[in-house]
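[1] Need a 3D model of the sequence below.
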Amino acid sequence: MSLPPYEIEIKFTTGTRARLSTKQGEEAKTKRAEFFVLVVSGYGTLKDALLKEYPTYTTEQQKKAIASAIEQRSRLVGCLHSKLADPPAPDEIEPDINGYWVKEAL
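    Sure thing, here's the model as predicted:
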């Protein structure tokens, strides 16, 4: 027995919400439980800190530190298909003309 393929969209954000395009929203509805969004928050400060601390990214220790910094700022959001209902809960999903904003409350 094999697992179904999963799709993970990775979104970096400087604020408290991440942007999904209309196509990504439709993909979430189609794939249902096999669709996830990995949100990495604080992108601007994270990028600046990593560039200052690890400008070359060469050693294994540096790679592990970078992975740890990203992991600490990441959260995985699943079951978006149920949240993209008509209409979505405004404290979790905010639709706009070009897609959706996935909010931190989700």
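
[2] alpha carbons only for contacts and neighbour counts from here, please
    OK.

[3] now the farthest one out in this structure, which residue is it?
    Met1 (28.9 Å; Cα atoms, centre = their mean).

[4] just checking, what packs against the top helix by length along the chain?
    Identified as the longest helix of the chain according to DSSP state H is helix 60-72. Other helices and strands packing on helix 60-72, by 3 or more Cα pairs under 8 Å, 6 or more residues apart in numbering; DSSP states H and E, are helix 43-53.

[5] packing partners for the helix it packs on?
    Checking 3+ Cα pairs under 8 Å, 6+ apart, helix 43-53 ends up next to strand 7-13, helix 60-72.

[6] re the thing from before, what does the model give the residue farthest from the centre of the chain for pLDDT?
    Looking at Met1, its pLDDT reads 72.

[7] That one and Ile10: what is the separation?
    28 Å (Cα to Cα, to the nearest Å).

[8] again, but for Ala69
    15 Å.

[9] swap in Gln61?
    24 Å.

[10] quick one, what contacts the residue farthest from the centre of the chain?
    Met1 makes contact with no residue, according to Cα atoms under 8 Å, 6 or more residues apart in numbering.

[11] Mind exporting the C-alpha coordinates of the helix-or-strand element of the chain with minimal mean pLDDT to CSV?
    When the helices and strands of the chain are scored by mean pLDDT, DSSP states H and E, helix 43-53 comes last with a mean of 73. Extracted as CSV, the C-alpha positions of helix 43-53 are listed here (Å, rounded to 0.1, in the frame of the first residue of the first chain):
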residue,chain,number,x,y,z
TYR,A,43,11.1,36.4,6.8
GLY,A,44,12.8,39.9,6.6
THR,A,45,14.4,39.6,10.0
LEU,A,46,15.2,35.9,9.5
LYS,A,47,16.9,36.6,6.1
ASP,A,48,18.9,39.5,7.6
ALA,A,49,20.0,37.4,10.6
LEU,A,50,21.0,34.4,8.5
LEU,A,51,23.0,36.5,6.0
LYS,A,52,24.8,38.3,8.8
GLU,A,53,25.5,35.1,10.8
